[in-house]
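structure for the following, please:
(one chain, ligands or ions: 2)
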Amino acid sequence: MSEPITKPSSTRKHTALPKARILVEALPWLTRHHGRTVVIKFGGNAMVNDELKAAFAQDVVFLRHAGLRPVVVHGGGPQISAALDRHGIASEFKAGLRVTSEDAMDVVRMVLVGQVQRELVGLLNQHGPLAVGITGEDAHTITATKHRPEIDGQLVDIGRVGEITEIDTGAIEALLADGRIPVVSSIARSQDDGHVYNVNADTAAAALAAALGAETLMVLTDVEGLYEDWPHSDEVISRLTAAQLEQLLPELSLGMVPKMEGCLHAVRNGVSTARVIDGRVQHSILLEIFTDEGIGTMVVPDGYGLDDGATGATGATDASGRGDKGDAA
Ligand SMILES: Nc1ncnc2c1ncn2[C@@H]1O[C@H](COP(=O)(O)OP(=O)(O)O)[C@@H](O)[C@H]1O
Ligand SMILES: CC(=O)N[C@@H](CCC(=O)OP(=O)(O)O)C(=O)O
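Ligands and ions are numbered 1, 2, ... in the order given. Prediction:
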């Protein structure tokens with residue numbers, strides 16, 4: 001007996017229309033950004049549960065299939081802390097960076113490369129043979145030297161923490177040219193002493209975004225964006241220039257310091273926009289790009305025509321309606 005022919009009901013046609021509109025509205029943005037590189041930093045604090053991680057992978061693969069060149073740089077701070085705890089190794093942060101002993105360095109590398117990176121590569125590759133994991137050690141991608149931050153006027157030794165001295169984009173460019181999605185762990189090697197170093201993942205993502213000439217740096221974290229008066233208020237700054245951010249930097253604390261320093265570095269070195277968005281929101285990457293108001297904080301270069309304060313709305317408009325220099329090009 002043959003199957004009856006199913007006709008689309010008028011209700012189904014009706015409910016499908018908004019979806020079609022969303023896709024059509026995204027078309028100009030996708031056309032303008034075709035072939036552009038987007039560096040996406042996935043913070044350890046944003047890797048809250050399996051659904052969120054799976055949605056993150058879907059968003060990244062969506063961008064890749066839409067013709068962009070996503071590069072993922074991942075964190076793993078809480079995961080490292082938990083592993084250090086299990087190994088009975090104490091850990092503390094100074095100037096927003098983990099004081100990393102030699103023993104702790106082994107754990108940092110094991111967790112970032114062997115655990116977090118592998119998991120993300122696995123999730124992305126559920127959608128096809130796309131993701132390839134590398135660390136900053138591979139093909140001299142990230143070279144570092146020992147970092148000694150200045151705290152209260154003194155240079156402080158915080159162990160195996162690296163300060164980036166050089167980025168070689170060769171391996172990442174080759175992967176992108178091959179249609180792959182590089183997934184980068186923020187471990188670096190020093191050419192001077194041969195040691196491996198722990199590099200903050202925000203710093204690594206920003207340096208890679210600048211070196212790759214990326215269009216956008218997107219930083220996914222566990223807050224809605226940069227709060228104006230944290231922790232007293234949860235008023236998110238929706239947009240600010242590099243100069244405005246520079247003024248705010250001394251007031252920032254904890255994990256926001258490397259994040260916002262990274263955003264500043266990126267937009268001062270050729271990246272059109274740097275965004276801090278809430279990774280706890282499912283599909284935050286697509287929402288940031290495609291919704292009218294965007295969902296986080298966007299940093300734009302100086303001289304971008306912002307004459308109306310940190311949350312103003314002049315300049316070219318992107319798919320998120322908040323202006324994006326890349327779209328003006
Ligand atoms: N001005 C601010 N706005 C938002 N968050 C802030 C601010 N200052 C400090 N923070 C802290 O920074 C944290 C994000 O950094 P971090 O914990 O390193 O996240 P990730 O693992 O995503 O890199 C927030 O959870 C918050 O506690
Ligand atoms: C030097 C330094 O602090 N390195 C970080 C590297 C991981 C990281 O940055 O992870 P998140 O992005 O999740 O914070 C650390 O050891 O925690």
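
where does the stretch 151-300 of the chain come near ligand 2, residue by residue?
Within the stretch 151-300 of the chain, the positions adjacent to ligand 2 are 161, 186, 198, 200, 201, 202, 255 by CB under 6 Å from any ligand atom. Yep, even glycine has a C-beta here, placed from its N, CA and C like the rest.

include distance to ligand 1 and secondary structure when you put those residues into JSON lines, please.
Converted to JSON lines, these look like this (distance: CB to the nearest ligand atom, whole Å; DSSP: H, G, I helix; E, B strand; the rest coil):
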{"residue": "161", "distance to ligand 1": "14", "secondary structure": "strand"}
{"residue": "186", "distance to ligand 1": "11", "secondary structure": "coil"}
{"residue": "198", "distance to ligand 1": "14", "secondary structure": "strand"}
{"residue": "200", "distance to ligand 1": "8", "secondary structure": "coil"}
{"residue": "201", "distance to ligand 1": "7", "secondary structure": "helix"}
{"residue": "202", "distance to ligand 1": "6", "secondary structure": "helix"}
{"residue": "255", "distance to ligand 1": "2", "secondary structure": "coil"}
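
just give me the neighbour total for the nearest residue to residue 56 once chain neighbours are set aside.
Leaving aside its sequence neighbours, residue 56 sits nearest to residue 42 (CB to CB, 6 or more residues apart in numbering; 6.1 Å). By other CB atoms under 10 Å, the residues close to residue 42 number 28.

distance of residue 42 relative to ligand 1?
To ligand 1, residue 42 is 8 Å away according to CB to the nearest ligand atom, to the nearest Å.

now do the same contact list for that residue.
56, 72, 73, 74, 75, 120, 220, 279 (CB atoms under 8 Å, 6 or more residues apart in numbering).

between the residues you listed, which is nearest residue 264?
Set against residue 264, the nearest of the contacts of residue 42 by CB to CB is residue 73 (16.8 Å).

how about the residue of the chain found nearest ligand 2, nearest residue that isn't a chain neighbour?
Closest to ligand 2 within the chain is residue 75: 2.1 Å, counting by CB to the nearest ligand atom. Sequence neighbours aside, residue 201 is the residue nearest to residue 75 in space, at 3.8 Å (criterion: CB to CB, 6+ apart).
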